[in-house]
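J.: any chance you can model this:
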Amino acid sequence: VGNNGQFARLCAEIGIPEVAQDARFATNADRVINREALREVLEAALADKDGAEIGERLIRAGVPAGPIQSVGEALEHPHTAHRGMVVDVGDYRGLGAPAKPAATPASYRLPPPRFAEHREAVLREAGFTEAEIAALAASGIAPEVMG
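T.: Model prediction:
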């Protein structure tokens, strides 16, 4: 949650309103310091909740929430299509930028690089010699391109 008001609403919606008054969790800084304790409290409170149902309740209460989805699930979600989030470039299909600034919209001309695709160029730019790049590859520190 992004602020103390949202935290209080979260606690109320999941049935633990008293936690919002706990001094260990009074501010965001306190919640960060006491993260493990807070995690235990929240996990216990959420263990028997239906994720979709509580997510809808939290959204209605003004607490940003949503289900955790795989990339495939996110690509098929109606909201993803509505927001223009699906990117198709060649044989690549994935999720686009979530922010939609009017003055500088995202542009997708190339698919994302494969793992280690630009390894040699990056290492050369950083000053590594061909021999050093080969040694890094042989040692597994700078692995070969995959896929």
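
J.: now stretch 42-59: mean pLDDT?
T.: For stretch 42-59, the mean per-residue pLDDT is 93.

J.: can you tell me what sits against it?
T.: If you take Cβ atoms under 8 Å, 6 or more residues apart in numbering as the criterion, stretch 42-59 is touched by 9, 10, 13, 14, 15, 16, 19, 64, 65, 66, 67. Backbone N, C-alpha and C define where each C-beta goes, glycine included.

J.: greatest separation within those residues: which pair is it?
T.: For those, the farthest-apart pair by Cβ to Cβ is 19 and 67; their separation is 22.6 Å.

J.: those two: which is more packed in?
T.: Neighbour totals were compared for residue 19 and residue 67, and residue 19 leads with 19 against 11 (other Cβ atoms under 10 Å).

J.: could you find the closest non-adjacent residue to that one?
T.: The shortest distance from residue 19 to any non-neighbouring residue, by Cβ to Cβ, 6 or more residues apart in numbering, is to residue 11 (4.7 Å).

J.: ok, and for the helix or strand hosting the one you found, which residues are buried?
T.: Taking DSSP states H and E as the definition, residue 11 sits inside helix 4-13. Residues 6, 7, 8, 9, 10, 11, 12, 13 are the ones in helix 4-13 that count as buried (16 or more other Cβ atoms under 10 Å).
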